[in-house]
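S.K.: no sequence on this one, just coordinates:
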């Protein structure tokens, strides 16, 4: 059984691209895929953080410094990704922002930026890179959903709208491309300690309240992401597509 399991979750020989790889869940995803044998290219705008990640991830890791908010440069980014290690077999869309603005604080510019990075970017970058996956009849795309994909949180109107869209985007991308051997799914993380959730974890009362709302009784650790991510990026998920896998300790179950 060990041999079967190793084969199912094997990503060695695959090329993976992870956006938002300089920190948080994106950095963890990029690291896990590299440790599991994939050649990984990380994309983010902060070079120092990317360089530090690459030095710890090993020889099968590279990075591209790119401001993902600039939609006019997306075709050039897709070309650069492919030139680095070859066309990706695996795409993980972890880049995103959460402005944490109430409804009366949201500006049109902030709204557009939030929806672009969290919702539009995963589709348009995938669209640019999907061709070679189709030629190989194999690919894995993992979007990042959220607890706010299905429920409303205070100060989350733009973020919640974008993450609600990610759930439907994932289903629509799966419908479009799964017959080509490209499975599209999303991970919906609960509360993990990242830059985006720093304000939550710096408030002990709020952090404890979130932990108590899970079935397991604690908030997430970054390593809790590893198994679900490898599942969705490997042959183990060959008959799973169009799904949002909540990795939230049962937060959404209560």
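M.R.: Nice, thanks for sending it over. Quantities reported herein were computed from a predicted structural model and do not represent experimental measurements.
S.K.: got a list of what the most centrally placed residue in the chain touches?
M.R.: Ranked by distance to the mean C-alpha position of the chain (C-alpha atoms, centre = their mean), the top residue is residue 94 at 2.9 Å. Counting by C-beta atoms under 8 Å, 6 or more residues apart in numbering, residue 94 touches 18, 19, 20, 21, 24, 25, 26, 29, 144. The way it works is simple: take the backbone N, C-alpha and C, and place the C-beta from them, glycine included.
S.K.: from the residues you listed, which ones fall inside strands?
M.R.: Counting by DSSP state E, the part of the contacts of residue 94 found in strands is 18, 19, 144.
S.K.: Ranking by neighbours, what's the top pick from these?
M.R.: Counting neighbours by other C-beta atoms under 10 Å, residue 18 comes out on top of the ones in strands among the contacts of residue 94 with 34 neighbours.
S.K.: Show the pLDDT at that residue.
M.R.: For residue 18, the pLDDT comes out at 98.
S.K.: Who is it paired with across the strands?
M.R.: In this structure, residue 18 bridges to residue 42, residue 92 when assessed by DSSP bridges.
S.K.: now, the most widely separated pair of the contacts of residue 94?
M.R.: The span of the contacts of residue 94, defined through C-beta to C-beta, is set by 21 and 144 at 12.5 Å.
S.K.: So residue 114, which state does it fall into?
M.R.: Per DSSP: H, G, I helix; E, B strand; the rest coil, the local secondary structure of residue 114 is helix.
S.K.: Give me the neighbour count for it.
M.R.: Here the number of neighbours of residue 114 (other C-beta under 10 Å) works out to 23.
S.K.: mind giving me TSV with the contacts of residue 94 and columns for distance to residue 35?
M.R.: Below are the contacts of residue 94 laid out as TSV (distance: C-beta to C-beta, whole Å):
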residue	distance to residue 35
18	13
19	19
20	18
21	14
24	17
25	15
26	15
29	11
144	20
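S.K.: Check whether residue 29 really touches residue 92, as I assumed.
M.R.: Yes. Residue 29 lies in contact with residue 92 (C-beta atoms under 8 Å); the separation is 5.0 Å.
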